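Student: Test case, fold it:
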Amino acid sequence: MTTIDIRTPVPGPRSRALLERRRAAVSSSPFMVTPVFVERADGAALTDVDGNTFLDFAGGIGTVNVGHAHPAVVAAVREQAGRFLHTCFNVAPYESYVALAEKLNDIVPSAGPRKSVLFNTGAEAVENAVKIARRTTNRAGVLTFEHGFAGRTYMALSLTSKVAPYKAGFGPFMPEVYRLPYPYLYRSDFSRGGAHDEDAYVDHLLHGVRDFFRTHVDPGGIACLWIELVTGEGGFLVAPPRYVQGLHALCREHGILFIADEIQTGFCRTGTMFATEQYGIEPDLVTVAKSLGGGLPVSAVVGRADLLDGVQVGGLGGTYCGNPVACAAALATIEVYERERVAEHAAALGLVLRRRLEGWYREFPCIGEVRGLGAMMAVEFVTDRTSRAPSKETFTAVASRCLERGVILIGAGTHGNVMRFLFPLVITERQLTEGLDVIEGALREIR
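Tutor: Sure, this is the predicted structure:
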C-alpha cells in the first residue's frame, strides 16, 4: 500500500485559486516552496485542498519530528485549550512552563546545574542566548560562522551568513559580530582528487582561529561563540568532532561562552536526542526550538544556572513566551520521543537513507557529495565532479518533478544546490523507500 495519491495536476484547481488569493492579500516576501495548500496532515503525509496526498520530506523545515498531528500532542493541546489559552507567565504563571523547564534541564546536555527560559521562535532563542552571554560576561563580541543561519531578527540576522535573500538591504547590522570559516571539507583544498584529509583540515581551521585572535579581535572581548553542529540552511555541513572540541577548549581558555545551536539538530534528528551528545562537550548554553513543540511555536535557552540567573529581572521573556498550549504540546512531544524511542528509529532511518544516497552517488555524476549525521542527510548537486560548480538548477529540476509525483522536498546551502531530508522521524521505512523511489526516478530523467 502506498501513501502517495495524486488525483489532479499539481497544483490543483483549489490550490490555484488560493494562490491567487495569496498574491492579492499576502506580502510577496515570505518564500514558497510548494504551490499547494494543505487541508490536513498525518504522520509523514500531507493532503492538499484538491485531495492529493504527498509524502512530506520537508517536515515544516524540521518542526514536526514527532509527525503531523501526533495523537498524544493533539490530545494535550485540546486538554490545555479547554482550561485556558493564555495568561502570560509573567502575570499569572502556570505549571506547564515550570514542568517544561524542568524537563529541558533534565535532558539537554549542557554544563550544569541547569536552568531554562522559554521563548517562541528559534531566532528569539538565539537572540536571548547572546543577550545572556553579553550580560553575564560584560563583553560585547560574538563569534559566528560562514554558512550559518540564526534567523531573521536583527541580532540573529547579524549572525546569519548568507546575504541573499536574508540580509540584502537590511543593514546596518549589529556591531561586534565576527565570522569564522565553517568546516566545508568538500570545497576546501584538503579535498581534491578524491582524497579527504580531515585531520589536516581541522588543524588548519583551529590554527586559523588562533591566528584570528591575534590579527582581528582580542578574545578577551568575546562574550560567546555560537555554532550549529550541523548547519541547517547552510546545507547540512557536519562539523568534525575534533574541531568542535578544539573550539570548546579555546572558549574555556579565553572565558568565552560556548552556545550550541540545536534548533534543527535537536530532538532526535541526528540519531540522538541532541547532536551535542555525539561531540563530547558540555556547552554553556543550548538553544532549542523547531521540533520542541511538535508543531507549535515554542523555543528555549537551556544552560548553566549561574548564567540564566545572571540577567536582571525583566531582562528576558515576552508576552507570549512559553504559552501554556505550546508548553503542553512540548511536554507531550518530549514524552513521545522518549516512549516511542524516536532517536533509535531516526538512527536506523539514517542508515537506510545513507545507503540509498551513496548508491545514487555512484550512479549519478550530478551528485558531488553525500553528507549528514543520523537522519539529517543531504546531497550536494554539481555541474560536474571536476569543477564542483554548484548546480541549483539540478535541485530545482528534481524538486519540481518530485512535487508532481507526490514528494515535497526542500533545498538548502549557500548556493541553493543542496537537497536536504527533513521528513518527520516517525516515517516508516516503507514510506521512506516510496519517497526515495520517486526522487530516484527524477534523477534518472534529468541525467
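Student: Would you map the strands across the stretch 151-300 of the chain?
Tutor: Applying DSSP state E, counting those that start in this stretch to the stretch 151-300 of the chain gives strands spanning 177-180, 191-192, 195-196, 222-228, 257-261, 285-288, 299-304.
Student: contacting residues around the lowest-mean-pLDDT helix or strand in the chain?
Tutor: Lowest by mean pLDDT, DSSP states H and E among the helices and strands of the chain is strand 195-196, with a mean of 76. For strand 195-196, contacts defined as Cβ atoms under 8 Å, 6 or more residues apart in numbering pick out L185, F190. C-betas here are computed from N, CA, C, even on glycine.
Student: Number of residues surrounding R385?
Tutor: By other Cβ atoms under 10 Å, 14 other residues sit near R385.
Student: swap in V77?
Tutor: Neighbours of V77 under the rule other Cβ under 10 Å: 20.
Student: From R16, how far out is the closest residue to P13 other than its chain neighbours?
Tutor: Counting by Cβ to Cβ, 6 or more residues apart in numbering, the nearest residue to P13 once its immediate chain neighbours are dropped is D50, at 6.5 Å. For D50, the distance to R16 equals 9 Å [Cβ to Cβ, to the nearest Å].
Student: For those two, indicate the residue with more neighbours.
Tutor: Ranked by neighbour count (other Cβ under 10 Å), D50 and R16 place D50 first, with 20 against 15.
Student: domain assignment for this structure?
Tutor: 13-56+341-446, 72-339 (automatic domain parsing).
Student: The last one: end-to-end distance?
Tutor: Taking Cα to Cα, to the nearest Å, the span from the opening residue of domain 72-339 to its closing residue is 11 Å.
Student: Give me the distance from that domain to the chain's centre.
Tutor: Distance of domain 72-339 from the chain centroid (Cα atoms, centre = their mean, to the nearest Å) equals 10 Å.
Student: same thing with the first one?
Tutor: In terms of Cα atoms, centre = their mean, the centre of domain 13-56+341-446 is found 15 Å from the chain centre.
Student: Could you give the number of residues near L257?
Tutor: Counted with other Cβ under 10 Å, the neighbours of L257 add up to 27.
Student: That one contacts C224, doesn't it?
Tutor: Yes - between L257 and C224 there is a contact under Cβ atoms under 8 Å: 4.1 Å.
Student: okay, and the common contacts of the two?
Tutor: Common neighbours of L257 and C224 (Cβ under 8 Å, 6+ apart) are A133, T137, D284, L285.
Student: Now the two most distant members of those.
Tutor: T137 and L285 (11.5 Å; Cβ to Cβ).
Student: Common neighbours of these two, please.
Tutor: With contacts taken as Cβ under 8 Å, 6+ apart, T137 and L285 have C224, L257 as neighbours in common.
Student: More neighbours: which of these two?
Tutor: For T137 versus L285, the count of surrounding residues by other Cβ under 10 Å is larger for L285: 29 against 19.
Student: How much space separates P30 from A75?
Tutor: P30 is 31 Å from A75, by Cβ to Cβ.
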